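1. Provided below for reference: sequence and predicted model.
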Amino acid sequence: MLARSMLIKGLSAHPRIEVVGFAVNALDAKAKLPALKPDVMTLDVEMPALNGIDFLKQYLPTHPLPVILVSSLNLKVFDALAAGAVDFVRKPDEQQNTDAFLSALCQKVIMAASARVRPIAPAPAAPGRAGVVPASPAAPLGAGTALDRVLIGLGASTGGTEATLEVMKRLPEDVPPIVIVQHMPPGFTKMYADRLNRLCRMEVREAQSGDELHRGLALVAPADLQCRVVRIGSRYTVNCSPGEKISGHRPSVDALFHSMAEVVSCKMVGIIMTGMGQDGAAGLLAMRKKGAYTIGQDKESSVVYGMPGVAAKIGAVATQASCENIANVLLRHLKTLT
């Protein structure tokens, strides 16, 4: 277990953070929270007596509070995000020093203080996958060469894991290819792609260099690599490679969107969703200037209206929509292309 004293010391050292208390477990937290009234809470998924996921399910519906998870490489982190946590930081291991971990944690705690908490219901999933039922059926788009020549890019950060799922689960299995950049620590992007693959109709997997884009496929950019679209004749693939951070991130939404603006000659759509900062805004504007149809998540449904807010401000967004309605907006646009 990550030393509580190290967390308290690291957070307290930041000039914008005051640690008002701590709890030894979830039951202790439930007893202390009414009096402490924190702006943000950090939470471990694995705890004795009552685990972090069950705690969130019990507490957040009646006591909305931004929660940042501190988690090991564990699939349960996505269950906790689905239960309403805002974001997460991976516990440090041999490859990450403590200073880098604490810096990331402090940044996310500060961000979470202004986040919009939206408790999320358990996510349903696609027919034909074990143990799941679709939320709202999306009819197949059907055969047609026009939709064979469409590419979609989607970028998200804070709050984006569940917001992206909200969009993806409403799309049909023959949707044009989608490349997704979701800011996430190393180790989690493959688990996230696998989760989307279980819960959505189209095939979803973590991107690898050389993957060819085709209808019915969505690729999630791997953590710590820049993911760009590459044109080879009339075909499109992705390139995932090391490189400098762009707009403060690797993978970067801007890197993806700019690559699409530069090389894509067919129809394209750019979607920017909830997230802190401005990654993706400039790239989305470049896409729009090249004729792309662009969609931005609205303020009301965003956990953090940073990336989509900046994109809207600079004129990069053609249409704003809630995360629940983005799929409908996208499908309506795609049907105009057939």
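-> That came in fine, so what should we check first?

2. shaky segments in the stretch 51-200 of the chain?
-> Counting by pLDDT under 70, the stretch 51-200 of the chain contains low-confidence residues at 94-96, 119-137.

3. any chance you could map the strands in it?
-> Assigned by DSSP state E, counting those that start in this stretch, the stretch 51-200 of the chain shows strands spanning 67-71, 87-90, 150-156, 178-182.

4. So for stretch 262-270, mean pLDDT?
-> For stretch 262-270, mean pLDDT rounds to 96.

5. start to end distance for it?
-> Stretch 262-270 stretches 13 Å from its first residue to its last (Cα to Cα, to the nearest Å).

6. Just the buried residues of that stretch, please?
-> Buried positions in stretch 262-270, judged by neighbour count with 16 or more other Cβ atoms under 10 Å: 264, 267, 268, 269, 270. Placement of C-beta: from N, CA and C, glycine included.

7. contacts for that stretch?
-> Residues outside stretch 262-270 that contact it (Cβ atoms under 8 Å, 6 or more residues apart in numbering) are 146, 149-155, 176, 229-231, 236, 257, 260, 283-284, 286-288, 290-295, 316, 330, 333-334, 337.

8. same thing with stretch 81-90?
-> Against stretch 81-90 from outside (Cβ under 8 Å, 6+ apart): 43, 53, 56-57, 60-61, 66-73, 77, 80, 96, 101, 104-105, 108, 111-112, 115, 117-120, 122-123, 158-159, 161-162, 185-188, 303.

9. So what's the gap between that stretch and the chain middle?
-> With Cα atoms, centre = their mean, to the nearest Å as the basis, stretch 81-90 stands 10 Å off its chain's centre.

10. Show the buried residues in the contacts of stretch 262-270.
-> Among the contacts of stretch 262-270, those that count as buried by neighbour count (16+ other Cβ under 10 Å) are 149-155, 176, 229, 231, 236, 257, 260, 283-284, 286-288, 292-295, 316, 330, 333-334.

11. Which of these fall in helices?
-> If you go by DSSP state H, those have 257, 260, 283, 284, 286, 287, 288, 330, 333, 334 in helices.

12. mind listing what the third one touches?
-> Yep, that's residue 283 we're talking about. Counted by Cβ under 8 Å, 6+ apart, residue 283 has contacts 155, 253, 254, 255, 256, 257, 258, 260, 261, 270.

13. rerun at 7 Å
-> Residue 283 makes contact with 253, 254, 256, 257, 258, 261, according to Cβ atoms under 7 Å, 6 or more residues apart in numbering.

14. got a list of what residue 172 touches?
-> Contacts of residue 172 by Cβ under 7 Å, 6+ apart are 138, 139, 140, 141, 201.

15. Neighbour-wise, which one of the residues you listed leads?
-> residue 201 (24 neighbours; other Cβ atoms under 10 Å).

16. Would you quantify the distance from that one to residue 218?
-> Separation of residue 201 from residue 218 (Cβ to Cβ, to the nearest Å) stands at 10 Å.

17. about what we covered before: now the ones in helices among the buried ones among the contacts of stretch 262-270 in TSV, with distance to residue 4?
-> Formatted as TSV, those follow (distance: Cβ to Cβ, whole Å):
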residue	distance to residue 4
257	41
260	45
283	40
284	41
286	46
287	45
288	48
330	45
333	50
334	50
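
18. now, which of these sits nearest residue 196?
-> Here the nearest of these to residue 196, counting by Cβ to Cβ, is residue 330; it sits at 16.0 Å.

19. what residues are up against that closest one?
-> Here residue 330 is in contact with 269, 295 (criterion: Cβ under 7 Å, 6+ apart).

20. For burial, what's the neighbour tally of residue 5?
-> With other Cβ under 10 Å as criterion, residue 5 counts 9.

21. element containing it?
-> helix 4-12 (DSSP states H and E).

22. Show me what that helix is packed against.
-> Applying 3 or more Cβ pairs under 7 Å, 6 or more residues apart in numbering; DSSP states H and E, one finds that helix 4-12 makes contact with helix 98-112.

23. buried residues in the helix it packs on?
-> Neighbour-count burial for helix 98-112 [16+ other Cβ under 10 Å]: 101, 102, 104, 105, 106, 108, 109, 111, 112.

24. ditto for stretch 215-235
-> 215-229, 231.

25. Show me where the stretch 201-338 of the chain dips below the pLDDT cut-off.
-> Using pLDDT under 70, nothing in the stretch 201-338 of the chain is flagged.

26. which among the contacts of residue 172 gets closest to residue 171?
-> residue 138 (5.7 Å).

27. didn't the closest one look like it was pressed against residue 171?
-> Yes. Judged on Cβ atoms under 7 Å, residue 138 makes contact with residue 171 at a distance of 5.7 Å.

28. Would you mind getting the angle between the helix or strand hosting residue 255 and strand 178-182?
-> Assessed by DSSP H and E, residue 255 sits inside helix 253-263. On the basis of axes from the mean of the first three to the mean of the last three Cα atoms, to 10 degrees, helix 253-263 is oriented at 150 degrees to strand 178-182.

29. ok, the helix or strand that comes right after helix 253-263: who's next to it in the sheet?
-> Proceeding N to C from helix 253-263, the next assigned helix or strand is strand 267-272, under DSSP H and E. Next to strand 267-272 in the sheet, as set by DSSP bridges, lie strand 150-156 (parallel), strand 293-297 (parallel).
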